[in-house]
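Chemist: Turn this into a model:
(2 chains, ligands or ions: 1)
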Amino acid sequence: MTTEQLADLSRVLYSPTTLALYLAAAFVYLYALTTTVGRREDRVRGRRAQAVGAALAVAGIGTHIAHEVVRGLAQSRFPLGNMFEVTSLMALVGVVVGWTYLTFIRKRGELNGFVLLGGALVLASALLMYAEPGPLMPILDTWWRHFHVSLLVGAMGIFAAGFVFNGLYLLRDTGERAVARQREHGMHGSTVGAAYVGDLEAGSEDGSVASDGGLTDRTTDALDPTGDDDGRDHDAEYRTALRAGVSPVRLAIGTAIGTSLVAWVFVYSADTVAAGLGRFVTINLVMVAAALLARWFVPFLPSTATLDGLAHRTIAFAFLMWTVGTIAGAMWAEQSWGRFWGWDPKETGAFLTWVAYAGYLHARATSGMKGRRAAWIGVGAFIVLMGTYLIANYVIVGLHSYAGL
Amino acid sequence: MSERERHGPAGTLPPVRRPDSAPPPEANPTIRRPPRGSGSPGPLRFVLDSIAMGWRWLVRMKTALLLLGVLALQTAIATIVPQEPNVRSTVEAWRAGEEGPGAPVARVLDAIGAFDVYGSAMFLALLLLLFLSLTACLIPRIRAWVRLVRRSRPPLVRSVGRHDLVASFATDRTPDEVHEAARSSLTERRWRVRTADGADGAPPQVAAEKGLWSREGGSLLFHLSFYVLLAAIVFGQLITFEGQVGVVEGDRGFTDTEVSYWTYRPGRWFGPEQHAGWQLNLDAFEVEWIRDPTAPGAGQPTTFRSDVTIVGADGEVSQAVIEGNRPHTVDGFKIHQLDWGYAPRIVVEVDGDVVYDDFITTIALDRAGFRGAVKAPAADPDVGLDVFLYPFAPDGEPGDPPTLTGAPWDDDPVLIVSQYRGDLQLGATQQSIVELDTSALELEGGAFVRPGQTVTIGDVTVSFPELRRWVGFQVSSRPQIPWLLFGSALLVAGLIPALYAYRRRLWVLATPDGPRTVVRVAGRAFQRPERFEEEHSRIVAALAATTGGTPVTSPGVTDPDGDTSAPAPAGSTSEVMTR
Ligand code: HEM
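Modeler: As a prediction, this is how the structure comes out:
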C-alpha cells in the first residue's frame, strides 16, 4: 500500500469506524445500566446487553489500535507528534484502562457506558484538530519524548475517566440529597427505608465503616424485594424523585460554564471568529447534551460511595503516571534543551495540573473536605488539565511546539 | 457483584445520613498542646501565643490545601501571562500595549509581579509558607509514625459485631488449633500478629494488622522528598553555570573562558576559575529538510548535526557529534546544540581600505529568510550594513529582482544589503548582534548580492565571497542534577505506597459451639475497602482450607458477648453486617 492509501485507511478506521463502535457500545452499555434496577428477567437481558456492549467496545478498541498502527506506518513514526495524535491516544488509553478496570477489576461493567461515551467525545474532539500524517521534527523524535508523552497522555485519558466518575458522583449525590431533604419535610412516608442505610451512607475510603460501594451494595441486596409489584411502583417513584432532584437547567448552565472555561481557546485560535464560535457552540452543546443524558441515568447509578471510590482510584493512578511522566519530561528537557525546567507554558501547565490533582487527593484525605467538596476540586482539576493543554498548544506556543498544528 | 446490586430502596425514600458510629482513625494526628507561655501577661506572652496560633494554623490540612490553591493560582497566572525570563520581547509588547490586554492592565500586572511570577516576592513567600506548613504537618506525623512503628500492637476486640467484614465457618479443630493456624498463616503473609488467650478480658483471638508503616511511611517519604528537591534547586541556582556561544563552521573555534561567551550566566558561587579552558571547533554542520513541497511535513527539518573537534584542558584532541538530543560532555561541561543560522562572509571596503572582513551570524526570521548586521566602526564615519539573507532566491524574469522564497535551504542564496553611515553608537546603546541601531545612521542605499559578487553602494564596496553556517552552542554545568534525580526517586518511591498501600486489621475468633468450633474472621480496612474485601475472602478461604472448615448451616450462632446485631454467618465468603 502506498503512504496515501495507508493515510486514508487510518482515517476511515478512526472516523467513522471507531467513533461509531464506541458510541454503539456506549448506548448498549447504558441500556444495560437501566436493567440493573428491576426484575430478574430484566437483569438477564442486561447481562446479555453487557456482553454485546463488551463485544462492540473490544471491536472499537481494536479498530482504534489499528488506526494508530496504520497511521504510524503511514508516517514511519510513533503517532504522538501533534495534537490530533495526542488526543486520539488519550481517548484510547482512557477507554482501554477505564473499560478494563471496570470490567475486570471492579467488576462493574454496567458503568462502561459512561467511559465509552467519554471516549467517543474525546475521539470526536480530536477531529477538530485533525492533521494529515507527517514526519516529526528531529528534536522531538527520541525515546525519552515518547516515554514522557505516552505517560502524560495516558494519564490524561485516565484523568478523563476520573472526571466522568466525579461528575456522576456529584449528580447522584445531588439527587440523593434532594430526596433526603424532601423526606425530611415529610412529603413521603418511610416504612422500610431503614434497611437501605447502606445505600446512602456516603462513606469514603478512609474512615467510615460501611465505606465503599462494594460492601454496601451487598447489604441492600440481601433485602432486595424484587418481584414485589408494590415495591416496583415505589421504586419507580424513588427513581423519578432522584432524577428530579437534579435540576436540568442548573446542570445545563453549570456544564456550559465549565465547558466554556476551556472551549474559549477554540474561539481564540480559529482562523475566523465565526469558525471559532461554531466550534465553541458545538462543544458546549455536546457537553450539555452529555450531562443531560447522564442526568437521565442518575437513578440507575450505584451508590455515591462506589462512584467516589472509582474516581479516587482512577485519579490516584493517573496522578502517579503524571508524576513519573513529568519527571521524565524534565529529564528529556535536560537532554534536549540543556535545562531541566524552564517554566515554559507546557511545563507550567503540567505543574499546575499536578498541584490541582494533589489538591484533590488532599481534599479527599481530609475529613472536612471529603465527598462533594473533594469531587468539585476533582472537576476543577480536570478543567485545569484541559485548559492548560489547549492554552499551551493554541494560545502560547513554547518550545514544546508540535508539528501540524 | 453488579448483579446483586440495588440502587434505590423499594417502597420508600431513604433515611437521612447518619453520622458514623465509629470515629475514623486519625491518619493525620494533630497535636494540640497549650502554648508554653511564661504565665505572666506581657509582650513575650503575646509573641509566644501568636507563634503557637500561627503554628496551629499551619498544621491544619485545610491550610495546606489553601496554600496549594494559591500556588495553583499563581501558576495559572504564569501560564496565561507571558513570563519575562522566557519571552522578554512579548512582555515588552504587552507593556507597550502592542499586544495583550493593553498598557493599563499591563501596568497592574507589572505591579503585582505577574510578568515574573517565579521571581516575585509573593511566590517566594508562598513557597516559604508551603514549606513551613509542610514542616508543621510533618513533625507530628513523623513522631506519630515512629511511635506507631515502634509500639503498635493490633488491638483486641470484644466482639466481632462492630466490624465491617465478617465471615464464618465451622471446623472440627479446637479453638487453639485454629488460632495457631491463623497465627502462622498471617505471619507468613507478613501481618503483625498478636494472640490473646482470654486472660485480658477479651475473648481468645488472633488480632493482626498490616499496612500501617507503608502507607503513612510512603506519604512521609513523598513529602520529605520535597526538601531534597528544594535543597537541590536552591543550591543548584548557586553552583550552576550556563553560557551560550555561536561558532562558525571551519572558522576559529571557541575557548571556554569567561570572556568568550555571548551570554554568560553563572550562579553566585560559580567562579571563573572553574572554566577549564577546553576548546571547541565546528568542523561541519549538517542540516536537511523535506524539500518536496507535496510531501507531508514539507519544509520541516529532518537533520541537525554538528561535527566538532574538541581539545580538552589536558590537550587531548577528540572528535564528537552533537545533535539535538545528544549533548556532549567535556570536563564536566555539557554542550548542547541549540540554534543555527547562515554565516555569510562579508568584506567591506571604503576607499580601497578593508574596514570589515568576517563571517556574520544571521538568525532565522519566521519563514522570511535570515537577518544579520555588519558593524564597521573602523571606517569614518562608521559603516553599518543591515543584511537579509534569503537562502533560496532564484533569479526572476530579466530585469526583476530575485524571487524570495521562504525556503531555508541554500540552493540559491542572495543577500539584501542596506548600507548606512553615521554613528553606530557602539558602547553607547544596547546593541543586538543581528540589528543595527539606526537612530544616528543615515541610509545610503541598498543592493542584492549573490555569492562571489561585489557591489558598490555609495562609496562603500561590499563583497560576499562565501556562505557558511554557524551553530549556537549552550554550555552548562549543573552539579545538582544527581540530587534532583535522587529527590525525584524518593518522591516516586514514596508516592506508590502512599497511594496503594492500605492499612487493615483482622481478627480471628474461634469459639466452641457444641461439638464443633465456629471461626469468625472479622476485618476492617481504613483505605481501599474494595481491595480488602478480596483479600479478606482469600484469607478466610485459606484458613478454612487448612483447618478443614465447612460453611455454617445453622443461622443461630450466638455471639459470645450477646451482640445480637451480628448477622447469621453464611458460608466462607465474606459478608457485610448491617448495623
Ligand atoms: C503544604 C504542604 C503540604 C502539606 C502540609 C501536606 C500534608 C499532607 C498530609 C497530612 C497528607 C496525609 C493525608 C492522609 O492520608 O490523611 C498528605 C497526603 C498527600 N499529599 Fe500532601 N501536603 C503538602 C503538600 C503536598 C504537595 C505539594 C503535594 C504534591 C503535589 C502533595 C501530595 C500529596 C499526596 C499525593 C498525598 C497522598 C494522598 C492520599 O493519601 O490519598 N502534598 N499531604
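
Chemist: which residues touch residue A:336?
Modeler: A:139, A:142, A:144-145, B:324-325, B:336 (CB atoms under 8 Å, 6 or more residues apart in numbering or on different chains). (Each C-beta comes from the backbone N, C-alpha and C, glycine too.)

Chemist: cool, residue B:440 as well?
Modeler: Counting by CB under 8 Å, 6+ apart, residue B:440 touches B:422-425.

Chemist: Looking at residue 336 now. What's its pLDDT?
Modeler: As the question left the chain open, I've gone with chain A. You'll see residue A:336 listed with a pLDDT of 83.

Chemist: other chain: chain B
Modeler: 92.

Chemist: And it, how far from residue A:336?
Modeler: 8 Å (CB to CB, to the nearest Å).

Chemist: Residue B:93 now?
Modeler: In terms of CB to CB, residue B:93 sits 28 Å off from residue A:336.

Chemist: what's around residue A:254, how many residues?
Modeler: 15 (other CB atoms under 10 Å in any protein chain shown).

Chemist: Poorly predicted segments of the stretch 301-405 of chain A, please.
Modeler: A:396-405 (pLDDT under 70).

Chemist: Tell me where it has strands.
Modeler: With DSSP state E, counting those that start in this stretch as the criterion, the stretch 301-405 of chain A has no strands.

Chemist: Tell me, how many residues neighbour the residue in it positioned nearest to the ligand?
Modeler: Nearest to the ligand, among the residues of the stretch 301-405 of chain A, is residue A:358, at 3.0 Å (CB to the nearest ligand atom). Neighbour count for residue A:358, taken as other CB under 10 Å: 19.

Chemist: tell me the contacts of it?
Modeler: Counted by CB under 8 Å, 6+ apart, residue A:358 has contacts A:319, B:68.

Chemist: roughly how far apart are it and residue A:90?
Modeler: With CB to CB as the criterion, residue A:358 and residue A:90 are 21 Å apart.

Chemist: where does residue B:242 land in three-state SS?
Modeler: Secondary structure, DSSP: H, G, I helix; E, B strand; the rest coil: residue B:242 is strand.

Chemist: Show me what it is bridged to.
Modeler: Residue B:242 has these beta-bridge partners by DSSP bridges: residue B:265, residue B:476.

Chemist: So it is in contact with residue B:265, correct?
Modeler: Yes. When contacts are counted by CB atoms under 8 Å, residue B:242 is listed as touching residue B:265 (4.7 Å).

Chemist: Can you name the helix or strand that residue B:45 falls in?
Modeler: Element membership for residue B:45, per DSSP states H and E: helix B:43-59.

Chemist: elements contacting that helix?
Modeler: Packed against helix B:43-59 by the contact rule (3 or more CB pairs under 8 Å, 6 or more residues apart in numbering or on different chains; DSSP states H and E) you find helix B:121-151.

Chemist: Just the strands from the stretch 101-250 of chain A, written as ranges.
Modeler: Using DSSP E, counting those that start in this stretch, strands in the stretch 101-250 of chain A do not occur.

Chemist: Any stretches of it with poor pLDDT?
Modeler: For the stretch 101-250 of chain A, the ranges with pLDDT under 70 are A:136-141, A:186-234.

Chemist: And the helices in it, which stretches?
Modeler: Residue ranges of the helices in the stretch 101-250 of chain A, as given by DSSP state H, counting those that start in this stretch, are A:112-127, A:143-184, A:197-200, A:213-222, A:229-244, A:248-269.
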